[in-house]
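J.: need the 3D shape of this:
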Amino acid sequence: MVLTVNIGNTVISIGGFKEDQICFTASIETRKKATSFEYANSFLQLFSLFDVDLGKLEGAVMSSVVPMLTEPVKEALQLILKKKVLVVSAGVKTGLNIRGNRNINLGADLVSTAVGAAKEYPMPCVIVSFGTATTFVALDEKGTLLGTSIAPGLQTSLEALREKASCLPEIELDSPGDVIGCDTAQSMKSGIFYGTACMCDGMCRRFEKLLGENTTFVTTGRYAKKLFPLCEKDYVYDEHLLLKGLNQIYHRNKKL
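T.: Numbering: from 1, shown residues only. Below you'll find the predicted structure:
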């Protein structure tokens, strides 16, 4: 089994793969002050829940958008596995063509989702990831990564709104409700959820003009399951696209 780990701003996602099959997935809170030993303990508890045999783990690969946690989490995994952990960074083989070879400017999470999409879906393709940020990754008909677009995510938008408008209440982003809000809390949810969905549709229509009408649109990320049903375009929902990409990257580099 191969262990895949992505360190996000809000959660750390973990998945186990046998070849291309997902055996388990889970997530833990991203704690920026936690030590490698604390993360090791969290991972061990998680593995016990899924009866993961550590002795049968072939290796691990990870991506990170939180630089201060890259080493602590890597050390935690190596402490448990007693093996070297592959970190997605410049110089790692991804099999992905990047226009202008500008991979140094791209986040490891975006590269990993692009690798997963190139393996799983017809090209051209746009990957929309709904997380702390809402990101768009564009791949052309040959699977070349053309570039990205980054906008605030749901929670980020909510926090910015409340910071600038002190009279607005604290709310939970549990469900979008109706597009016309009957009170302040529902109005905030409507604006954030439906506004993000409309932004997504509008952005994807612009990508479609550049890439062609046969473009595949894939959604993923923490809030994707709540958001893509509100969108008007047809999207494929792939909850574990990033982890699938990490698994592909591991197999491309395991002989190194």
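
J.: show me what contacts the residue nearest the centre of the chain?
T.: What sits nearest the mean C-alpha location of the chain, by CA atoms, centre = their mean, is Gly221, with 4.8 Å. Shown in contact with Gly221 (CB atoms under 8 Å, 6 or more residues apart in numbering): Val128, Ser129, Phe130, Gly131, Thr134. Any C-beta I mention is one placed from the backbone N, CA and C, and that applies to glycine too.

J.: go with 6 Å
T.: Ser129, Phe130, Gly131 (CB atoms under 6 Å, 6 or more residues apart in numbering).

J.: surely the second one meets Tyr223?
T.: Translated: Phe130. Yes. In this structure Phe130 lies within contact range of Tyr223 using CB atoms under 6 Å: 4.0 Å.

J.: which one of these two has more residues nearby?
T.: Neighbour count, other CB atoms under 10 Å: between Phe130 and Tyr223, Phe130 has more, with 22 against 19.

J.: who's that one bridged to?
T.: Listed by DSSP bridges, the beta-bridge partners for Phe130 are Thr134.

J.: OK, contacts around it?
T.: Going by CB under 6 Å, 6+ apart, Phe130 touches Gly221, Tyr223, Ala224, Leu227.

J.: now intersect the residues you listed with the helices, please.
T.: Ala224, Leu227 (DSSP state H).

J.: pLDDT for the contacts of Phe130 - can I get that in CSV?
T.: Shown next, in CSV, are the contacts of Phe130 (pLDDT from 0 to 100):
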residue, pLDDT
Gly221, 93
Tyr223, 92
Ala224, 94
Leu227, 93
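
J.: give me the buried positions along stretch 50-62.
T.: Val52, Leu57, Gly59, Ala60, Val61, Met62 (16 or more other CB atoms under 10 Å).

J.: and stretch 40-52, by the same measure?
T.: For stretch 40-52, a neighbour-count test (16+ other CB under 10 Å) marks Ala40, Ser42, Phe43, Leu46, Phe47, Val52 as buried.

J.: what about Glu29, neighbour count?
T.: If you count neighbours by other CB under 10 Å, Glu29 ends up with 9.

J.: coming back round to it: pick the one among the contacts of Gly221 closest to Leu79.
T.: Nearest to Leu79 among the contacts of Gly221: Gly131, at 27.6 Å, using CB to CB.

J.: who's in contact with that closest one?
T.: By CB under 6 Å, 6+ apart, the neighbours of Gly131 are Gly153, Gly221, Arg222.
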